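In: kindly return the folded structure for what I paste below:
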Amino acid sequence: MRLPPVLALACGLMAVALPAPAYEQTFPDPGVVVSVPALKGTAGLQVELHAQALPEADSTRVCAGRFLRELVKRPDMPDRDRIYRAPLDPANFLVLYILESGGRKVLHAHLLGTLPGSHCLDVHFSQAMQAEDETEAWRQSFAGASLRPSPR
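Out: Model (predicted):
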């Protein structure tokens, strides 16, 4: 339960009323924690985890390259030049694009990573676009996002 800061202060709980990550979820199988601390506006957000068992999954770069080659082959995908792709850090990679469906634009993000030696991970986020100028805010909301093994 999160208390508003004023109520938390009145109850003497300010030390424990820290803001939680905007999105954090543990997936027990294959044992990964997804954290997107800057994600804003989670209304209508859809999140799916895809874990591909791959013994040669030794780095995020290997998994990201494999994922991107498959992504651009999908029907109705934007041109490769219209797909944002960048490493967030050595262990996490981000892919962003917009698709139109039924006259509505939908923002898509893929947070890519690996469980070394076992799985390539793809966490797919999608959300209907509310305004034309929210593309940059969507990209920035994935700053600090990460996939990490869950504690056992």
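
In: buried residues, stretch 136-148. List them.
Out: Within stretch 136-148, the residues scored as buried using 16 or more other CB atoms under 10 Å are 138, 141-142, 145-147. C-beta coordinates here come from the backbone N, C-alpha and C atoms, glycine included.

In: what does stretch 81-88 give?
Out: Those would be 83, 85, 88, for stretch 81-88 by 16+ other CB under 10 Å.

In: hmm, back to that, so of the buried residues of stretch 136-148, which ones are in strands?
Out: 146-147 (DSSP state E).

In: would you turn the buried residues of stretch 136-148 into JSON lines with pLDDT and distance to A22?
Out: Shown next, in JSON lines, are these (pLDDT from 0 to 100; distance: CB to CB, whole Å):
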{"residue": "W138", "pLDDT": "92", "distance to A22": "13"}
{"residue": "S141", "pLDDT": "93", "distance to A22": "8"}
{"residue": "F142", "pLDDT": "95", "distance to A22": "11"}
{"residue": "A145", "pLDDT": "95", "distance to A22": "10"}
{"residue": "S146", "pLDDT": "95", "distance to A22": "13"}
{"residue": "L147", "pLDDT": "94", "distance to A22": "16"}
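
In: extract the CA atoms of stretch 34-53 and return them as CSV.
Out: Output in CSV follows, covering the C-alpha atoms of stretch 34-53 (Å, rounded to 0.1, in the frame of the first residue of the first chain):
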residue,chain,number,x,y,z
VAL,A,34,11.6,-6.7,-15.1
SER,A,35,12.0,-3.2,-13.8
VAL,A,36,11.1,0.0,-15.6
PRO,A,37,11.4,2.7,-12.9
ALA,A,38,10.5,5.7,-15.1
LEU,A,39,7.5,4.3,-16.9
LYS,A,40,4.6,6.8,-16.8
GLY,A,41,1.0,6.3,-17.5
THR,A,42,0.5,2.5,-17.2
ALA,A,43,-3.2,2.7,-18.0
GLY,A,44,-3.9,0.4,-20.9
LEU,A,45,-0.3,-1.0,-20.8
GLN,A,46,0.1,-4.5,-22.0
VAL,A,47,3.2,-6.5,-21.1
GLU,A,48,4.3,-9.9,-22.3
LEU,A,49,7.4,-11.9,-21.6
HIS,A,50,8.9,-14.1,-24.3
ALA,A,51,11.7,-16.4,-23.2
GLN,A,52,13.4,-18.4,-25.9
ALA,A,53,15.5,-21.3,-24.7
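
In: right, I'll leave it there.
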